[in-house]
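Chemist: One predicted model, sequence on top.
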Amino acid sequence: MAGENKKVCVTGAGGFAASWVVKLLLSQDYLVHGTVRQPGDSKYDHLNSLEKASENLKLIKADLLDYDSLCSAISGCSGVFHVASPVPTTEVTNPEAEVVEPAVKGTLNVLKACLENKVKRVVVVSSVAAVVMNPNWPKDKVKDESCWSDPEYIKTTSLESMKTSKKWYYIAKTQAESEALEFGKRTGLEVVTVCPSAILGPLLQSTLNSSTLLLPMGLKGGFGSFGYNYWTVVDVRDLAEALLMVYKKSDAGERYMCTSHAIGVEEVVEKYLKISYPNYNYSDKLSHTEEEEEKLSSEKLQKLGWSYRPLEETLIDSIECCRKMGVLD
Ligand SMILES: NC(=O)c1ccc[n+]([C@@H]2O[C@H](COP(=O)([O-])OP(=O)(O)OC[C@H]3O[C@@H](n4cnc5c(N)ncnc54)[C@H](OP(=O)(O)O)[C@@H]3O)[C@@H](O)[C@H]2O)c1
């Protein structure tokens, strides 16, 4: 993006992944408009403490379902990182209103605001949730960007893992991403999507989110009744790098998978956790089934120049961060 104006907007700036995106952008001298829903709330203090935040970060109140607020936040920006989305940590009572609408209509609102404000490029954060639930994909074939989750299948499957609010999250992410790419094709707005697997790594903010809950929960409970037996993981810092890389280097209309490691829970425990953290009570009955395995490829992103850190570093940095936050006491 030669000659770009370096003012960009990050939606949901206070979230886990978005905070790292803001940090990375500030470190590269971007002027950042970060959208938040409750400006002034102490949950965004970490953003104001980032290096160069006092000069180059402006937090602006916006909700994904409030088009005018998005327009104000996006005005004057040449790029947008659309990261905000509800990621439920507990069961929700009205999934259509609480999960699907903000994800799908919210994404379209962001894109329309981008078009109205002559934004050049939008990077939309999707998820492997929009990739993996495809019953027609050959069992042994690696899932890449051409694989799409099927919302009808997600709605009707008897899979245990889809009996919770997670089901609506999967539907929402699939629909939001496909409508975003469609919007780009229809209007000429440069839309690029990125589908991360489970995001781990250290937090900048002071509260856990849905994915950073997993390690402390597992360590406290021995990982036995965990229900998450096969992990596909990307480090939040590597994800932030990926988002900026596709912003700068991708062609428009592209979709990228963003995942680094795929590993069974028993191997996570034996190979990494028991060695660095031997004093927890790990269950000795950990395993995963072949059915639970996901073969995912980020080759396309790697071809752009993306690389990722070792899993050990992600696990240790995540756990050390949780220790400092006091959530492992
Ligand atoms: N965490 C993962 O493992 C994972 C994996 C794959 C993909 N993703 C995707 O990555 C992105 C970031 O996830 P995360 O884990 O960093 O999430 P997070 O920490 O829960 O942050 C989500 C952000 O979305 C904002 N948000 C939610 N509803 C909103 C609304 N109606 N209007 C405006 N903002 C709203 C929240 O804003 P407030 O601060 O105002 O509440 C929050 O900042 C999401 O798109 C998610 O789907 C996450």
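Modeler: Everything's here; your move.
Chemist: Do a quick rundown of the helices in the stretch 1-150 of the chain.
Modeler: Across the stretch 1-150 of the chain, reading from the start of the chain, the helices by DSSP state H, counting those that start in this stretch fall at 16-27, 45-48, 53-56, 67-74, 95, 101-116.
Chemist: Ignore what I typed, I meant the stretch 151-300 of the chain.
Modeler: Listed in chain order, the helices found in the stretch 151-300 of the chain under DSSP H, counting those that start in this stretch are 151-156, 166-187, 214-221, 236-249, 265-267, 274-276, 299-303.
Chemist: Can you say which of the helices of the stretch 1-150 of the chain is packed in most?
Modeler: Most buried of the helices of the stretch 1-150 of the chain by mean neighbour count (mean count of other C-beta atoms under 10 Å) is helix 16-27; its value is a mean of 23. Heads up, the C-betas are built off the backbone N, CA and C, glycines and all.
Chemist: and whichever residue of the chain sits closest to the ligand, what is it in contact with?
Modeler: Distance from the ligand to each residue of the chain (C-beta to the nearest ligand atom) is smallest for residue 15, at 2.3 Å. Applying C-beta atoms under 8 Å, 6 or more residues apart in numbering to residue 15 gives the contacts 83, 84, 87, 205, 209.
Chemist: pLDDT weak spots in the protein?
Modeler: Low-confidence segments of the chain, defined by pLDDT under 70: 1-4.
Chemist: try it again with 80
Modeler: Filtered on pLDDT under 80, the chain yields the residue ranges 1-5, 158-165, 225-227.
Chemist: among the helices of the stretch 1-150 of the chain, which is nearest residue 300?
Modeler: Comparison of the helices of the stretch 1-150 of the chain against residue 300 by C-beta to C-beta identifies helix 16-27 as nearest, at 19.7 Å.
Chemist: what's the angle between the closest one and helix 236-249?
Modeler: Orientation check (axes from the mean of the first three to the mean of the last three C-alpha atoms, to 10 degrees): helix 16-27 against helix 236-249 gives 60 degrees.
Chemist: Against residue 195, how distant is residue 234?
Modeler: 10 Å (C-beta to C-beta, to the nearest Å).
Chemist: Common neighbours of these two, please.
Modeler: Where contact means C-beta under 8 Å, 6+ apart, the residues bridging residue 234 and residue 195 through contact with each are residue 258.
Chemist: What values do phi and psi take at residue 30?
Modeler: The phi/psi pair for residue 30 (degrees, to the nearest 10) reads phi -80, psi 150.
Chemist: who's in contact with it?
Modeler: Listed by C-beta under 8 Å, 6+ apart, the contact partners of residue 30 are 6, 7, 8, 56.
Chemist: Repeat the analysis, applying 10 Å as the threshold.
Modeler: If you count contacts by C-beta atoms under 10 Å, 6 or more residues apart in numbering, residue 30 has them with 4-8, 10, 21-22, 24, 52, 56-57, 77-79, 81, 244, 247.
Chemist: Of those, which are in range of the ligand?
Modeler: Residues shared between the contacts of residue 30 and the neighbourhood of the ligand: none [C-beta under 6 Å from any ligand atom].
Chemist: Drop anything exposed from these.
Modeler: The neighbour-count criterion (16 or more other C-beta atoms under 10 Å) marks 7-8, 10, 21-22, 24, 52, 56-57, 77-79, 81, 244, 247 among those as buried.
Chemist: can you list the residues of the stretch 151-300 of the chain near the ligand?
Modeler: 173, 196, 198, 199, 209, 210, 211.
Chemist: buried residues in stretch 163-183?
Modeler: Across stretch 163-183, burial judged by 16+ other C-beta under 10 Å covers 165-181, 183.
Chemist: Next, find the distance separating the closest residue to residue 175 other than its chain neighbours from residue 211.
Modeler: On the basis of C-beta to C-beta, 6 or more residues apart in numbering, the spatially nearest residue to residue 175 that is not a chain neighbour turns out to be residue 104, at 4.9 Å. For residue 104, the distance to residue 211 (C-beta to C-beta) stands at 21 Å.
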